[in-house]
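>>> give the three-dimensional model of this entry:
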Amino acid sequence: MQEDLRKTERLARTVVADFFLYNQDKIDKALKEGALFDLLSGELEDSEKFYNSNVNAAVRKSSNYFWDTLFNRLMKRESQLLDL
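So this is what the prediction gives:
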């Protein structure tokens, strides 16, 4: 079970990193405008679907590393944008 958790956490970090890599300009715009789900709903759905399809269902039910990781990364980016 611990190995499943480590793999799940690693996958969440990878999926979120890819989401940021391919959508950085849209993410910045969405954070500045407060329209994250409006501007990136399709990309978020695709990322979440990929994550969910590659995670053990029991682990997925106990915690959602994808959304936790995404939220933390978005808050860091928003903080960077506000500091400019």
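>>> counting by contacts, list what the helix or strand harbouring Ile27 packs against.
Per DSSP states H and E, Ile27 falls inside helix 2-33. Packed against helix 2-33 by the contact rule (3 or more Cβ pairs under 8 Å, 6 or more residues apart in numbering; DSSP states H and E) you find helix 36-53, helix 57-62, helix 65-83. Backbone N, C-alpha and C define where each C-beta goes, glycine included.
>>> out of those helices, which gets nearest to Leu11?
helix 36-53 (6.4 Å; Cβ to Cβ).
>>> quick check: angle from the closest one to helix 2-33?
Between helix 36-53 and helix 2-33, the angle formed by their directions is 170 degrees, by axes from the mean of the first three to the mean of the last three Cα atoms, to 10 degrees.
>>> next, the angle helix 65-83 makes with helix 36-53.
Using the same axes, to 10 degrees, helix 36-53 lies at 150 degrees relative to helix 65-83.
>>> can I get the helices and strands packed on helix 2-33 in TSV including mean pLDDT, distance to Ala17 and mean neighbour count?
Shown next, in TSV, are the helices and strands packed on helix 2-33 (pLDDT from 0 to 100; distance: least, Cβ to Cβ, whole Å; neighbours: other Cβ atoms under 10 Å):
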stretch	mean pLDDT	distance to Ala17	mean neighbour count
helix 36-53	96	10	14
helix 57-62	81	19	12
helix 65-83	94	8	14
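>>> tell me the mean pLDDT over the helix holding Ile27?
On average, the pLDDT along helix 2-33 is 94.
>>> what's next to stretch 53-65, contact-wise?
1, 4-5, 8-9, 11-12, 52 (Cβ atoms under 8 Å, 6 or more residues apart in numbering).
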